[in-house]
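A.B. asks: A predicted structure for the sequence below; I have some questions about it.
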Amino acid sequence: QVQLVESGGGLVQAGGSLRLSCAASGRTFSSYAMGWFRQAPGKERDVVAAISRFSGRTYYADSVKGRFTISKDNAKSTGYLQMNSLKPEDTAVYYCAADLIFERVVARRGDYWGQGTQVTVSS
């Protein structure tokens, strides 16, 4: 089992930045790929970014390329999502997820999920 806890969400003005954290416990974090997802009211949960176990591979949704950066610190058992140049359309609940297989994370089929953190971007 892996437990994931997100933090770092909040209210920010358009153009601002936030860094989300995903703290993992339970199993060896370095064994897992992880990803960030978001869900706005009335919409499906979409993948935002994903990273492989040792950070050799990354994936970004087109809507966040060049603005968001995913990273993973295995020594701290924590993943991060640096979000810059935020837009009102980035407003959503953000979730992190983990799985042994990178492609499963990208496909929103990760075995482990956090509870989410709210990000609100005002115009």
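C.D. replies: On my side now, so go ahead. Numbering: from 1, shown residues only.
A.B. asks: please enumerate the strands of the chain.
C.D. replies: With DSSP state E as the criterion, the chain has strands at 3-7, 10-13, 18-25, 33-39, 46-51, 58-60, 68-73, 78-83, 92-99, 112-113, 117-122.
A.B. asks: using PDB, write out every CA atom in the fifth one.
C.D. replies: If I follow you right, that is strand 46-51. Output of strand 46-51 as PDB, limited to C-alpha atoms (Å, rounded to 0.1, in the frame of the first residue of the first chain):
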ATOM      1  CA  ASP A  46      -7.800  14.600 -16.600                       C
ATOM      2  CA  VAL A  47      -4.100  13.800 -16.500                       C
ATOM      3  CA  VAL A  48      -1.900  16.900 -16.100                       C
ATOM      4  CA  ALA A  49       1.600  15.400 -15.900                       C
ATOM      5  CA  ALA A  50       3.300  12.200 -15.100                       C
ATOM      6  CA  ILE A  51       6.900  11.100 -14.300                       C
END
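A.B. asks: which other residues reach that strand?
C.D. replies: 33-39, 57-61, 64, 68-72, 79, 81, 94, 102, 105-108 (Cβ atoms under 8 Å, 6 or more residues apart in numbering). C-beta: built from backbone N, CA, C; applies to glycine.
A.B. asks: what angle sits between it and strand 78-83?
C.D. replies: Angle of strand 46-51 versus strand 78-83, following axes from the mean of the first three to the mean of the last three Cα atoms, to 10 degrees, is 120 degrees.
A.B. asks: who does strand 46-51 pair up with?
C.D. replies: Sheet partners assigned to strand 46-51 using DSSP bridges are listed as strand 33-39 (antiparallel), strand 58-60 (antiparallel).
A.B. asks: and that strand, what's its mean pLDDT?
C.D. replies: The average pLDDT within strand 46-51 is 98.
A.B. asks: can you give me the pLDDT of the residue nearest in space to the middle of the chain?
C.D. replies: Centroid-nearest residue in the chain: residue 36, 2.2 Å away (criterion: Cα atoms, centre = their mean). Listed pLDDT for residue 36 reads 98.
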